[in-house]
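Asks: everything below, folded, please.
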Amino acid sequence: MQGTAPHIAIAGFGSANDATPGASIARAMRQGLPSGAEVTAIIDGPGLRTDTWIPGLFDHMRCCRPSQAADDQLVLDWLLGIHCETALDAIIPGTQYWLSRIATLAPRLARKGIKTLVPSPDRVLLLQRSRLPKFLYERGLDTAFSIFVADTSDVAASAHQLGFPLMIKGNHFGCRPVHSPEQAHQATIAMNGAAGAGVLLQRETAGQILNVAAIVGRDGKPCAMVAMRRVAADERGRTVCGAVVDDPRITRRVEKLIDALDWCGPLEVTLLRPTGSAELLIVDVRGGLPSWSMLTQWAGYNLAVRLLQELFDDPPHPVAHARAGTLFVRGITETTVPFDGIARLERHGVGTGIAVGDEANLRAGRPDNSADGLCVAVTGISSFDVINPGLGVARALREAPDVSTLLGLGYGNFDSGAYSPELFDAAFRLPAGNGSTQLLECLRNIHRDHPIDVIVPCLDFELENFLDIREALAEMGIATLLPTKKALQRRSKPCLFGANTPSDWGAFHIPESRIADSEKGLLEAVRELGLPCVVKGPVSFCHIVYTLADAKSAWQQIRRGGADEAIVQIYIPGPCFAVAAVCDIDHRALSALTVKKLAVCERGSTWSAVHSRQPALEKDFGSFLSDIGWSGAAEGEFIRDALRDRFYLIEVNPRFTAWIYFSAALGVNHPQMLVCTAAGLPVPSPRTPSDDLVFVRGSIEIPVSATSLAALSMNGAVYHGKA
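Replies: Modelled structure (predicted):
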C-alpha cells in the first residue's frame, strides 16, 4: 500500500441509532490511507443509512438492492460491476451478513484482483448464536449459561424458566436486556419478527464486560489485538463509554479462541469477568472490526490501518501495545445533505459522499459568533440512552451571532456533550435529585464564576423545577422563556387526550382515545377501539398492540414504570411529521417549522428528516399553543393518516426537539429566536426554509481524556475554551 492510492470498499451499515462498525472503520482508516485513496460505502438497504453521510468518510456510495442480494452470484456480479467501473483493490465486510457473503465469494474476488481477509464460510457459520455455545463447550472454552430457542412462541416460557434479568440475542445480530417474559417476547419480535430464526437467551451475570478486537493473519495467528473495558452501557446493553486495557490473561483467552475457530481476518470477542472472580467467560463473538475502531487510533494502535497492512502485505509499524487508559464516549454528529444526492442514491443506487469542505459550503455566508455576545447555558447534553435536545440546541446556537459562550449542563459523567468542545466552552454537572432548591444553588455557583444571560432547559422532567426557580433566576439576571405550570399540564397526555380537549383543530385532529386506570379498563378500551391500537403511558412508553395479550403486557410494563393509568388510542397508519414552534410571552408563535421524518430509531428519535411545507398545519398548531397559553419551545408530533389524508396530533413535547439543529440549517434558527426573545433582543427575521436539504444524524466516538472525565466526576466541571 505504500506509495499507492488504493480503493477500499466497506460493506454493510446499520440503521438509525445502531453503531455498526462501517463508519468507525472508515474514520480510523482515513488516518492511514495515502493521499488520493478512495473509500466506497456498500449499503445493503435504503440509502438513508445515516452513518454513511458523516462528512469526510466516503468518496462513493453504492446500494445493493434486495433483488441483487438474493444469491451469491447476483452479489458477485454486482460487485464486479463496481470493480469494472472503479477498480476496487479490497473489500472489508462491516456486518455479519457481508462477512458471510464475502467469505463465500473471496476466491472469485481474488481472481479479479480484489483483496479480502476473511475466514472460510464454515468458520463464519460457527459464529451463529444457535451454534456458538455448543462449539465453545466442546472446545473447553468457558461461556455464560445460554440456551437457544428456535420457536418465537416458546421464548417467554423459556425465559421464565431461566430467570431474570436476561439478554435476548438474535441469531445473527441484536442484543437486548429483558426483565420479564413479556419483555422477552416483545424483544424477540422486534429483533426477528414473528417467524424469525430464533434467539439466544443468555443469563446475565454481574461483572466486568470486556470487548477485544483482533486481526488474525492468513497463518491463523493474531497479528494485532486491542482490549477495551466497558465503563458504561445504555439500556440496550451497548457500550457508550470504554477504556483500553492491557491484560495478558485477556490476550491468552482470545488467542485460545482464535486457535479453536481456525480464524482469518478481523474478530471481535466479548468477555465477562464475573464479580469476585478472575475467570473470563466468552459471551459473544463477531467477525469483523468493532464499532469502536476509532478508539484504537487514539490509543496509538489503529486496527483498521493494521488490517490494510495485512491486506497489502505491508510491514506493520513497530508498536507493541495500545495505550492503556485511552477513553471514548459514544456521541452523535448531525449535518445536512443535498436532497438530490440522497434521491440519486435511492433511485439509481449510486451516490457521492459528503466532503468536509462541501459541508462547510452549506454554512457559507453565516456570521461568526460575536465576541461580546450572550452566555447561554443549555441542559440535556447526553446521547446515553436517547439523543437529548440540548446537543442540537447548542449546534444551532453556534451559528447564532448573538451568542458568544455556550455552557453545557448535564446530569451524568458520560454525557457526550460534556466532551464536545465544538459545542460547549465548558460543561457542568447538575444535581441528580429532583429538588429545585439544589438546582438553584448549583446554578448560583456556576453563575458566580460564569455569568449566564439565558438558560434553555431541554428535558421534560426539568421544567417543573425551573418553573419553581424562574423568579429567583430572574433576580440573578438569568433570563428564561418558559410556559406556566397550567400550560404544561394542559399539553400533558392525560389532558391532551382527555374528554375535555376538542378533537377538531382545523388542519389536524386529536385521535380517538380512552384513559384506563386498570387492566380491566384497558382491555375494555381496546375492545371498543379495535385492534391494532396504541397503548401509551402518561409520561413515556408507547406500544402498538395487536392482541389482548399484547395489551395486558403493555399494561404490566406501564405499571412497572410506576404509572397508574394508560391511554388507549386508535392506530393510525401513515408517515410521521413534526412541527417545531417557538412562542413568545404573549403566546404568539414566532415561528413554526414542519419536517417529515424519514428515519427514526426504536425510541422514536428522528435520525433523518426533510422540510415539509405545511402552512395550515403550522398555523393551527400555533393556535393550539396559544389556546393553552404556551410560551417557549414546543414540538407537535403528528401522523398523516394514509387512508383519510388527515393529520392527527399524537404528542406535544414541552421543549425543543432533538432535531432542532435542522432549523438553523434551513435559515429558521429556533434556538436563536428563543434566546433573543428571552434576553429582550430583536428576534431575527426567519428566511424562507430551504426544501433541498435533508437532515441526517450519525453515531460517532468522541475521545475523552482521563483528566476531563476525572474533572467532571470529582469537581462537576470540565473546561474547553474561553469560559
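Asks: now do the SS call for the closest residue to residue 52 other than its chain neighbours.
Replies: Excluding the flanking residues, the one nearest residue 52 by Cβ to Cβ, 6 or more residues apart in numbering is residue 41, at 4.5 Å. Placement of C-beta: from N, CA and C, glycine included. The assignment at residue 41 comes out as strand when based on DSSP: H, G, I helix; E, B strand; the rest coil.
Asks: buried stuff in stretch 173-181?
Replies: Under the neighbour-count criterion of 16 or more other Cβ atoms under 10 Å, stretch 173-181 has 174-178, 180-181 buried.
Asks: re the thing from before, doesn't residue 58 make contact with the residue nearest to residue 52?
Replies: Yes - with contact defined as Cβ atoms under 8 Å, residue 41 and residue 58 form a contacting pair (4.5 Å).
Asks: what touches both of the two?
Replies: Listed as contacting both residue 41 and residue 58 by Cβ atoms under 8 Å, 6 or more residues apart in numbering are 26, 52, 353.
Asks: show me what contacts the last one?
Replies: In this case it means residue 353. 39, 41, 52-53, 55-61.
Asks: from residue 599, how far off is it?
Replies: Distance of residue 353 to residue 599, given as Cβ to Cβ, to the nearest Å: 18 Å.
Asks: again, but for the first one
Replies: According to Cβ to Cβ, residue 26 stands 20 Å off from residue 599.
Asks: the buried residues of stretch 173-181 in helices, which ones?
Replies: residue 181 (DSSP state H).
Asks: quick one, which of the buried residues of stretch 173-181 has the minimum pLDDT?
Replies: Ranked by pLDDT, the buried residues of stretch 173-181 bottom out at residue 174 (75).
Asks: gap between the residue lying closest to that one once chain neighbours are set aside and residue 288?
Replies: Leaving aside its sequence neighbours, residue 174 sits nearest to residue 191 (Cβ to Cβ, 6+ apart; 4.0 Å). Residue 191 is 19 Å from residue 288, where distance means Cβ to Cβ.
Asks: compare the two (neighbour count), which wins?
Replies: Shown here are residue 191 and residue 288; by other Cβ atoms under 10 Å, residue 288 has more neighbours (27 against 19).
Asks: what score does that one have for pLDDT?
Replies: Value listed for residue 288 in the pLDDT field: 95.
Asks: same question for residue 316.
Replies: So residue 316 comes in at 65 (pLDDT).
Asks: equivalent analysis for residue 48, please.
Replies: For residue 48, pLDDT reads 67.
Asks: want to throw the buried residues of stretch 173-181 into CSV with distance to residue 447?
Replies: Shown next, in CSV, are these (distance: Cβ to Cβ, whole Å):
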residue, distance to residue 447
174, 46
175, 43
176, 42
177, 40
178, 44
180, 45
181, 50
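Asks: from the buried residues of stretch 173-181, which is closest to residue 539?
Replies: Among these, residue 180 lies closest to residue 539 (Cβ to Cβ), at 20.0 Å.
Asks: domain assignment for the chain?
Replies: 7-116, 145-203, 209-325, 358-480+699-719, 488-697 (automatic domain parsing).
Asks: helix, strand, or coil at residue 683?
Replies: Going by three-state DSSP: residue 683 is coil.
Asks: was I right to think it contacts residue 671?
Replies: No - counting by Cβ under 8 Å, residue 683 stays clear of residue 671, with 11.9 Å between them.
Asks: looking at these two, which one has more neighbours?
Replies: Neighbours per residue, other Cβ under 10 Å: of residue 683 and residue 671, the larger number sits with residue 671, 30 against 16.
Asks: confirm that the more buried one sits in a strand.
Replies: No - counting by three-state DSSP, one finds residue 671 to be helix, located in no strand.
Asks: can you check the pLDDT for it?
Replies: 98.
Asks: distance of it from residue 447?
Replies: Noted for residue 671: a distance of 20 Å to residue 447, by Cβ to Cβ.
Asks: residue 96 too?
Replies: 51 Å.
Asks: one more: residue 296?
Replies: Residue 296 is 41 Å from residue 447, by Cβ to Cβ.
Asks: who has more neighbours, the two?
Replies: Legend: neighbour count by other Cβ under 10 Å for residue 296 and residue 447, higher for residue 296 (29 against 19).
Asks: for the more buried one, phi and psi?
Replies: When read as degrees, to the nearest 10, the backbone of residue 296 gives phi -70, psi -30.
Asks: that one reaches residue 321, doesn't it?
Replies: No - taking Cβ under 8 Å as the definition, residue 296 is not a contact partner of residue 321, at 11.3 Å.
Asks: which intervals of this structure have sub-threshold pLDDT?
Replies: For the chain, the stretches flagged by pLDDT under 70 are 1-3, 14-19, 45-49, 66-69, 192-196, 316-319, 357-371, 722-723.
Asks: residues contacting the residue nearest to residue 52?
Replies: Contacts of residue 41 (Cβ under 8 Å, 6+ apart): 9-10, 13, 22, 26, 49, 52, 57-58, 60-62, 353.
Asks: ok, now residue 304?
Replies: With Cβ under 8 Å, 6+ apart, residue 304 has these contacts: 25-26, 28-29, 31-32, 289, 293, 296-297.
Asks: now name the helix or strand holding it.
Replies: In this assignment (DSSP states H and E), residue 304 forms part of helix 303-311.
Asks: cool, and residue 465?
Replies: helix 463-468.
Asks: for that helix, what is the distance to the chain centroid?
Replies: 28 Å (Cα atoms, centre = their mean, to the nearest Å).
Asks: same for it, what does it pack against?
Replies: Packing partners of helix 463-468 (3 or more Cβ pairs under 8 Å, 6 or more residues apart in numbering; DSSP states H and E): helix 436-449, helix 485-490.
Asks: got the CA positions of the last one in CSV?
Replies: In CSV, the C-alpha atoms belonging to helix 485-490 read as follows (Å, rounded to 0.1, in the frame of the first residue of the first chain):
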residue,chain,number,x,y,z
LYS,A,485,-47.4,25.1,35.1
LYS,A,486,-51.0,25.3,33.9
ALA,A,487,-50.0,25.3,30.3
LEU,A,488,-47.5,22.5,31.0
GLN,A,489,-50.4,20.4,32.4
ARG,A,490,-52.7,21.2,29.5
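Asks: quick check, residue 386 in a helix?
Replies: No - counting by three-state DSSP, residue 386 is not found in a helix; it is coil.
Asks: excluding covalently adjacent residues, which one is nearest to it?
Replies: According to Cβ to Cβ, 6+ apart, the nearest residue to residue 386 is residue 603 (5.4 Å).
Asks: roughly how far does the one you found sit from residue 29?
Replies: 30 Å.
Asks: and these two? which has more neighbours close in?
Replies: residue 29 (25 against 14).
Asks: contacts only, for the more buried one.
Replies: Taking Cβ under 8 Å, 6+ apart, we find residue 29 in contact with 8, 10, 39, 304-305, 308.
Asks: also residue 276?
Replies: With Cβ under 8 Å, 6+ apart, residue 276 has no contacts at all.
Asks: do that again at 10 Å, thanks
Replies: 206-207 (Cβ atoms under 10 Å, 6 or more residues apart in numbering).
Asks: quick check: it vs residue 206, distance?
Replies: 9 Å.
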